Structures are given as C-alpha cells and as structure tokens.
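Novice: what's the 3D shape of this:
(one chain, ligands or ions: 1)
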Amino acid sequence: MSRTPKPFPPGDPRDSLILTITCPDGFGITAAVSGFLYSQGAFTTEAAYYSDPDTGRFFMRTVFRSDTPGLLSANALRECFAPLAERYGMTWELVSARDRPRVVIAVSRFGHCLNDLVHRWRSEQLNVDIPAILSNHPDMAQIAEWHGIPYHYLPVTRDTREAQEKAFLKIIEESNADLVVLARYMQILSDDASRILAGRCINIHHSFLPSFKGAKPYHQAHARGVKIIGATAHYVTSDLDEGPIIEQEVVRVDHKHSVDDLVSAGRDLETMVLARAVRWHVERRVMINGTKTVIFR
Ligand SMILES: Nc1nc2c(c(=O)[nH]1)N[C@@H](CN(C=O)c1ccc(C(=O)N[C@@H](CCC(=O)O)C(=O)O)cc1)CN2
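Specialist: Just a heads-up that it's a prediction; the model follows:
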C-alpha cells in the first residue's frame with residue numbers, strides 16, 4: 001500500500017486511540033509497533049519512548065487517529081496486535097481518548113482538593129465521570145449535593161475500621177470505578193484494600209516526600225524548620241506514603257511561617273499536584289516502573 005507523505009486532515013483530538021506498552025527492553029520494539037500501526041493505516045500524532053537501564057524495561061506511549069480510512073475498530077486492532085505483544089512479552093493497553101474513566105473521590109475534612117477536582121470535572125478540564133464521593137465525615141456533603149454526585153458518609157472508629165473499609169470497597173466496586181482518588185482522605189487503607197486498588201488509587205500527601213510521611217506533615221515540617229514545603233501525588237500501596245510518585249511541587253517558606261501559614265501555603269500546591277496526577281493518569285501518561293513511575297507528559 002503506497003501512500004504519498006501528506007498530513008491527515010486535523011480533527012477532534014478525542015478521535016484518537018492511545019496505545020501504552022511496557023516490556024523487557026530489546027531491539028526492534030519501536031519498529032515492530034510502528035510497523036504494525038502503519039500496516040493498519042494508523043496516523044500517529046504523538047509517540048514517546050523510555051528505556052530504563054536500571055530495570056531493563058522499555059516503555060512506550062503512542063497516540064494515533066481513530067478515524068483514518070480503513071482503520072479497524074479498537075477491538076479488532078487489539079486482536080491483531082495481541083500476537084506481536086505476546087512475542088515481546090508486552091503488558092499493554094489500547095484505549096480511546098473518548099473513554100471517560102470512572103473516578104471515585106474519597107475525602108475527610110479538608111475539601112480543597114475535592115472541590116478543585118469536581119470543578120475541573122464540571123468545567124470539562126477532566127474527561128472523567130464521578131459516580132461517588134466517599135467520606136468518613138459529613139462536612140463535604142454539600143459540595144457533592146451541589147454537583148448532583150452521590151455522597152456516601154462512612155464514619156469510622158477504631159472498632160468499626162474493618163466494616164467501614166468493607167463498605168468503602170463495596171461502593172468502589174458497585175461504582176465500577178477505574179480510579180480512586182484519596183483527596184486528603186485521612187484513613188490508612190489496609191493491605192488488602194491497597195492490593196485490590198493497586199495501580200488505580202492515587203493519594204495526595206501534603207509534604208515533599210520522602211520527607212514527613214504519615215500524619216501531620218506540616219507540623220513535622222514546622223518543627224524541623226524547613227525552607228521549602230511541598231505536595232506529592234503518589235499511587236497508594238501498603239507502605240504508607242511510599243507508593244510510586246506521580247507528581248510533586250514545592251514552595252519556599254521561612255522562620256516567619258506558623259503551622260497554619262504552612263497549611264495555607266501548601267493548599268494550592270496540593271490541588272495543583274493532585275489535578276496534574278489525575279489528568280496524566282486518565283490520559284494514560286503514567287506508567288509504573290517498579291517503585292517509580294515513567295510520565296509521558
Ligand atoms: N495504605 C495506604 N493508605 C493511605 C496512604 C498510603 O500511602 N497507603 N496514604 C494516606 C494519606 N495520608 C497522608 O497523605 C495519611 C492519612 C492518615 C494518616 C493517619 O495516621 N491516619 C490515622 C487517623 C487520622 C484521623 O482519623 O484523623 C489512622 O488511620 O490511624 C497518615 C497518613 C491515606 N491512606
């Protein structure tokens with residue numbers, strides 16, 4: 001099939017398919033994938049690769065138009081691509097940019113991250129659906145009600161922790177959630193919950209990890225006399241605040257800042273960092289690489 005090199009007419013970027021791949025590194029991977037896409041009549045609009053010398057893993061993200069003449073459907077492409085993927089030991093995913101991941105948000109008493117994410121959803125900055133908001137406090141119910149999102153108040157005490165988490169997970173399952181966001185949700189998930197949600201639960205920690213893990217990081221930072229504070233979005237694992245980091249941001253502080261001043265200075269960092277992490281995750285730009293991540297921004 002001969003084609004004169006000419007650009008494909010511009011269209012809606014949401015009429016695209018996103019192929020993400022990770023596999024053991026080696027020769028010919030990009031050629032094999034690009035050759036496959038070319039043979040299928042795909043018009044590539046974005047491609048990124050990373051070869052990690054430490055882990056010997058290769059990472060690839062390719063975006064191509066889904067509306068080129070003769071291109072197979074996503075399901076048919078998946079069937080055709082599977083043998084090649086098998087040959088290279090690929091872990092891969094092919095999704096449509098039009099897909100709207102279902103995101104359940106969990107919050108406790110600080111609503112700035114929740115409010116920011118819901119606003120970004122409402123203003124179509126985030127191509128997601130939010131089927132539920134969960135909380136161990138009633139404080140944020142009005143935000144949910146205003147936006148017509150079901151709010152599940154799941155109070156927790158030391159004695160009810162196990163039952164509360166069971167209810168938490170049941171709502172996530174019944175919501176068919178693709179992603180869970182802990183938007184300042186101040187409860188530690190059990191090892192079981194962390195395993196169930198592995199790779200699809202993002203937490204915003206209000207410090208520049210690995211400094212000041214755990215509870216009250218601003219109090220810890222103030223006591224230490226730090227000159228910067230930060231926020232970190234990371235995947236949740238059973239090791240508290242040690243999951244693969246997705247995004248971080250920092251701001252300068254000094255001796256004049258009280259703990260409350262640190263909390264205020266950190267608030268906008270937290271919302272910005274979490275919003276970036278959620279957007280990159282739903283756009284399939286984040287790939288887990290052992291204890292770290294590769295981010296194709
Ligand atoms: N399994 C995991 N669960 C959670 C993680 C994680 O990385 N792995 N991140 C935390 C968020 N977090 C800091 O960002 C955090 C939240 C809560 C605590 C904590 O000590 N909580 C106390 C109760 C506090 C309260 O009721 O106000 C507790 O759970 O006993 C530390 C760090 C979210 N979960």
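Novice: in this protein, which spans are helices?
Specialist: When assigned using DSSP state H, the helices of the chain occupy the ranges 29-39, 74-87, 112-122, 141-147, 161-174, 191-196, 217-224, 259-282.
Novice: ok, which of those comes nearest the ligand?
Specialist: helix 191-196 (4.4 Å; CB to the nearest ligand atom). (Glycine included, C-beta is placed from N, CA and C.)
Novice: now do the buried residues in the closest one.
Specialist: Residues of helix 191-196 classed as buried: Ala193, Ser194 (neighbour count, 16 or more other CB atoms under 10 Å).
Novice: go on, stretch 114-129?
Specialist: Leu114, Asn115, Asp116, Leu117, Val118, Arg120, Trp121, Leu126, Asn127, Val128, Asp129.
Novice: how about stretch 256-272?
Specialist: Within stretch 256-272, the residues that count as buried by 16+ other CB under 10 Å are His257, Leu262, Val263, Gly266, Arg267, Leu269, Glu270, Thr271, Met272.
Novice: next one: stretch 54-65
Specialist: By neighbour count on 16+ other CB under 10 Å, the buried set for stretch 54-65 is Thr55, Arg57, Phe58, Phe59, Met60, Arg61, Thr62, Val63, Phe64, Arg65.
Novice: contact residues of the protein facing the ligand?
Specialist: 182, 185-189, 194, 203, 205, 214-215, 236-238, 240-241, 243 (CB under 6 Å from any ligand atom).
Novice: pull out the buried residues from the residues you listed.
Specialist: Buried members of those, counted by 16+ other CB under 10 Å: Leu182, Tyr185, Gln187, Leu189, Ser194, Asn203, His205, Val236, Thr237, Asp241, Gly243.
Novice: doesn't Ser238 make contact with the fifth one?
Specialist: What that stands for is Ser194. Yes. With contact defined as CB atoms under 8 Å, Ser194 reaches Ser238; the gap is 4.2 Å.
Novice: count of neighbours near the residue nearest to Asp241 when sequence neighbours are not counted?
Specialist: In space, and not counting its chain neighbours, Asp241 is closest to Lys213: 4.0 Å by CB to CB, 6 or more residues apart in numbering. Residues within reach of Lys213, counting by other CB atoms under 10 Å, total 15.
Novice: okay, Lys213: pLDDT?
Specialist: Here the pLDDT value assigned to Lys213 is 97.
Novice: what is the burial count for Cys23?
Specialist: Cys23, neighbours per other CB under 10 Å, totals 18.
Novice: what's the answer for Tyr235, then?
Specialist: 23.
Novice: what's the answer for Arg297, then?
Specialist: There are 10 residues near Arg297, going by other CB under 10 Å.
Novice: can you tell me how far the spatially closest residue to it that is not a sequence neighbour sits from Ile29?
Specialist: Spatial nearest neighbour of Arg297, excluding adjacent residues (CB to CB, 6+ apart): Arg285 at 6.1 Å. In this view, Arg285 and Ile29 are 19 Å apart by CB to CB, to the nearest Å.
Novice: before we move on, what about Ile288?
Specialist: The gap separating Ile288 from Ile29 is 18 Å, by CB to CB.
Novice: over to Val156?
Specialist: Distance check for Val156 against Ile29: by CB to CB, it reads 47 Å.
Novice: wait, Thr91 sits on Pro24?
Specialist: No. The criterion here is CB under 8 Å, and Thr91 misses it with Pro24 at 10.2 Å.
Novice: let me see the contact set for the closest residue in space to Thr291 that isn't next to it in sequence.
Specialist: Distance criterion CB to CB, 6+ apart; nearest residue to Thr291, sequence neighbours excluded, is Pro244 at 6.0 Å. By CB atoms under 8 Å, 6 or more residues apart in numbering, the contact list for Pro244 reads His234, Tyr235, Thr237, Ile288, Asn289, Gly290, Thr291, Lys292, Thr293.
Novice: what pLDDT does Pro244 get?
Specialist: Taking Pro244 on its own, its pLDDT is 98.
Novice: with Pro9 instead?
Specialist: Pro9 carries a pLDDT value of 79.
Novice: so how many other residues sit close to it?
Specialist: Residues lying near Pro9 (other CB under 10 Å) number 8.
Novice: grab the nearest non-local neighbour of Thr44.
Specialist: Spatial nearest neighbour of Thr44, excluding adjacent residues (CB to CB, 6+ apart): Phe64 at 4.7 Å.
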